[in-house]
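Trainee: Below is the structure, and that's it, no one-letter string:
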DNA sequence: ATCGAATGAGACATTGATGTCTCAGAAGCG
DNA sequence: CGCTTCTGAGACATCAATGTCTCATTCGAT
């Protein structure tokens, strides 16, 4: 049995477990390691073999979310077209990660003093740069700082993810509602 | 020593402890009962005498936040003036509670199945009614549902509270940033 | 100043989650 | 089939937070 095959199987399992854990923890942030294991259809011991502990699991989830966010940012081609079109692409790309993202945001509040993965700074910078580009192009109003617009973006994505999960808004409207609300606010209005 | 004087003193202490607990838990949602007690400058035993347990403390905080939110809603007079002005008043009134509100929102996600205080439904209804009124008056666009606008309102308030607390945005701009972003999106634009 | 209530500090048992370990069984491979 | 590896279940020990209790002290009212 070759190492590569092992690695492949392990990786697939890891990936699957992570997905399930993400889905569960998004719904119930305080889920037990045992609950996570049950949800993933594996034993607690096996879960421990893959992830040294709860911290490691959360870190792995953070890495997964970060990776997918970076992929979303890359796929959205934030520096092409108008800033508005780029933002719409970003929202659409980020939708599948929104639940995990919402979980990680609340989880990061617990880390408090601990260092957060520096990867998020890159995402932040990319999103803020998009808003700045929109301002420089005259598309977006300049009285709302890119930093605030970035925060608002995260906030709306998280709120919408949770609202959808809770059945308060329709999931199919996700991209439209966020884009319209955020763009309507960010886009310069002729009547101002 | 009369009962009423006892009650008075107790209430004052309770209030102060609750404020401190709110401030601490807003920053660190996982703070220990001991940490809460230290922060309030009292002993753990005393804290326990006032609030039977952590649950009771959180419930009391929920009651406090709810009470202040209802006061904010009442003070904002949501059914007077234009919907826009009413919304601006609401945002201004809600600002002092925003931190506690953000904490309670994330905390409520943990309650999961358990019943949430029905008082929040009243707040939700009042805010949603404001957005509906704005739509009926032709001030707000009708393609974004009141339910979503209400969610977005909470999301932006929470995001802003956290961003301010983290120093990413200036606290003095709180009302302006939320109002402008939310209204800009909710307000019907002539170019649409 | 004195009495009674409230407090703070600490000891203690309890609970729940975690992490580690073992062992028998299943699944892969030759 | 026989071997190795991985897995699942469970039995522990550990640890942190919680809740309860006692007791000496402090505070406030009279």
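Mentor: Perfect, I can see it now. Given the structure is predicted, the values throughout are model-derived calculations rather than measurements.

Trainee: switch to C-alpha atoms for all contacts and neighbour counts from now on
Mentor: Fine.

Trainee: How many residues are close by whatever residue of chain A ends up closest to DNA strand C?
Mentor: Nearest residue of chain A to DNA strand C: residue A:53, at 3.3 Å (Cα to the nearest atom of the strand). Residue A:53 has 13 neighbours, counted by other Cα atoms under 10 Å in any protein chain shown.

Trainee: show me what contacts it?
Mentor: For residue A:53, the contact set (Cα atoms under 8 Å, 6 or more residues apart in numbering or on different chains) is empty.

Trainee: For it, give me the backbone phi and psi.
Mentor: Here is the backbone geometry of residue A:53 (degrees, to the nearest 10): phi -170, psi -170.

Trainee: how much space between residue A:75 and residue A:106?
Mentor: In this structure, residue A:75 and residue A:106 are 25 Å apart, going by Cα to Cα, to the nearest Å.

Trainee: Next one: the residue of chain A closest to DNA strand C from residue B:23, what distance?
Mentor: 31 Å.

Trainee: which is the next helix or strand following the helix or strand bottoming out on mean pLDDT in chain A?
Mentor: Within chain A, no helix or strand scores below helix A:3-27, which has a mean of 70 by mean pLDDT, DSSP states H and E. Moving toward the C-terminus from helix A:3-27, the next helix or strand (DSSP states H and E) is helix A:33-40.

Trainee: quick one: contacts of that next one?
Mentor: By Cα under 8 Å, 6+ apart, helix A:33-40 touches A:16-17, A:20-21, A:24-25, A:43-44, A:47, A:54.

Trainee: Counting neighbours, which of those residues end up buried?
Mentor: A:17, A:20-21, A:24-25, A:43, A:47 (16 or more other Cα atoms under 10 Å in any protein chain shown).

Trainee: which of these lies closest to residue B:80?
Mentor: Nearest to residue B:80 out of these is residue A:25 (Cα to Cα; 42.5 Å).

Trainee: can you count the residues close to the residue lying closest to that closest one once chain neighbours are set aside?
Mentor: In space, and not counting its chain neighbours, residue A:25 is closest to residue A:31: 6.2 Å by Cα to Cα, 6 or more residues apart in numbering or on different chains. Counted with other Cα under 10 Å, residues neighbouring residue A:31 total 14.

Trainee: Find me the pLDDT at residue A:31, would you?
Mentor: Looking at residue A:31, its pLDDT stands at 94.

Trainee: And it, its phi and psi?
Mentor: In terms of degrees, to the nearest 10, the main-chain angles of residue A:31 are phi -60, psi 140.

Trainee: where in chain A is pLDDT low?
Mentor: Along chain A, segments meeting pLDDT under 70 span A:1-12, A:110-115, A:189-192.

Trainee: burial measure for the residue of chain A found nearest DNA strand D, as a count.
Mentor: Ranked by Cα to the nearest atom of the strand, the top residue of chain A for proximity to DNA strand D is residue A:42, at 3.5 Å. Using other Cα under 10 Å, residue A:42 has 13 neighbouring residues.

Trainee: repeat for residue A:75
Mentor: Around residue A:75 there are 14 residues (other Cα under 10 Å).

Trainee: Please name the nearest non-neighbouring residue to it.
Mentor: Spatially, and ignoring its direct neighbours in sequence, residue A:75 is nearest to residue A:93 (7.2 Å; Cα to Cα, 6+ apart).

Trainee: need the contact list for the one you found.
Mentor: By Cα under 8 Å, 6+ apart, residue A:93 lies in contact with A:72-73, A:75-76.

Trainee: From those, list just the buried residues.
Mentor: Buried residues within the contacts of residue A:93, defined by neighbour count using 16+ other Cα under 10 Å: A:72-73, A:76.

Trainee: Tell me which stretches of chain A form helices.
Mentor: Using DSSP state H, the helices of chain A run over residues A:3-27, A:33-40, A:44-50, A:54-76, A:83-94, A:98-111, A:119-136, A:146-165, A:174-186.

Trainee: Nearest residue to the residue nearest the centre of chain A in space, ignoring adjacent ones along the chain?
Mentor: Per Cα atoms, centre = their mean, the C-alpha nearest to the average position across chain A is that of residue A:101, at 3.1 Å. Computed as Cα to Cα, 6+ apart, the closest residue to residue A:101 that is not its neighbour in sequence is residue A:65, at 6.5 Å.

Trainee: Verify the contact between the one you found and residue A:99 for me.
Mentor: No. Applying Cα atoms under 8 Å, one finds residue A:65 not in contact with residue A:99, separated by 9.7 Å.
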